[in-house]
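> Structure for the following, please:
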Amino acid sequence: MNSNPQSINETRLRVRYAETDQMGVVYHSNHFIWFEVGRVELLRQLGFSYRDLESNENCFFAVAEAKCRYRAPVRYDEEVLVRTHLLNVRESVVHFGYELRRAEDDALLAEGETTHIVTDAAMKIAAIPDKYMKVFREAVGKR
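Numbering: from 1, shown residues only. Next comes the predicted model:
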């Protein structure tokens, strides 16, 4: 992970009953919802929000690729830490990394990545506005 502590967000959540399957294990697609929670909170930690990007800049992050490697089951009522960081940023691409860890013992539950293509409202590829690009570059350790 990135060594700049400002560029890593840690969000804590508790597994709700509705997120589990018949066996009491979190249904696999919920991991991607938690990745989104972490991503939104990381942007907020960096000083802006998706809402800012969308409404003020006409800038949208469309998911181009999402992957998750499941390491251990996550169960109802456990507390989960979602650790989110930026892996890379280019003019029109943002790449995030995630870890899901059990809060009680820091056990690795899952690892994932999402790659986003930056578009305008018409879904045409667009560049990240300069003021946001500067923040992203600092978060991934690029100048």
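
> Tyr50: neighbour count?
Tyr50 is flanked by 15 other residues according to other Cβ atoms under 10 Å. Heads up, the C-betas are built off the backbone N, CA and C, glycines and all.

> For Ser92, see how far away it is.
According to Cβ to Cβ, to the nearest Å, Tyr50 and Ser92 sit 16 Å apart.

> which residues are contacting the helix or strand of the chain with the lowest mean pLDDT?
Scoring the helices and strands of the chain by mean pLDDT, DSSP states H and E places helix 50-51 at the bottom, with a mean of 90. The contact list for helix 50-51 (Cβ atoms under 8 Å, 6 or more residues apart in numbering) reads 40, 43, 61.

> Nearest to Ala18, out of those: which one, please.
Nearest to Ala18 among these is Val40, at 20.0 Å by Cβ to Cβ.

> The closest one in helix, strand or coil?
Following DSSP: H, G, I helix; E, B strand; the rest coil, Val40 is assigned to helix.

> starting at the chain centroid, how far to the least confident helix or strand of the chain?
For helix 50-51, the separation from the chain centroid amounts to 14 Å (computed by Cα atoms, centre = their mean, to the nearest Å).

> go on, stretch 18-31?
19 Å.
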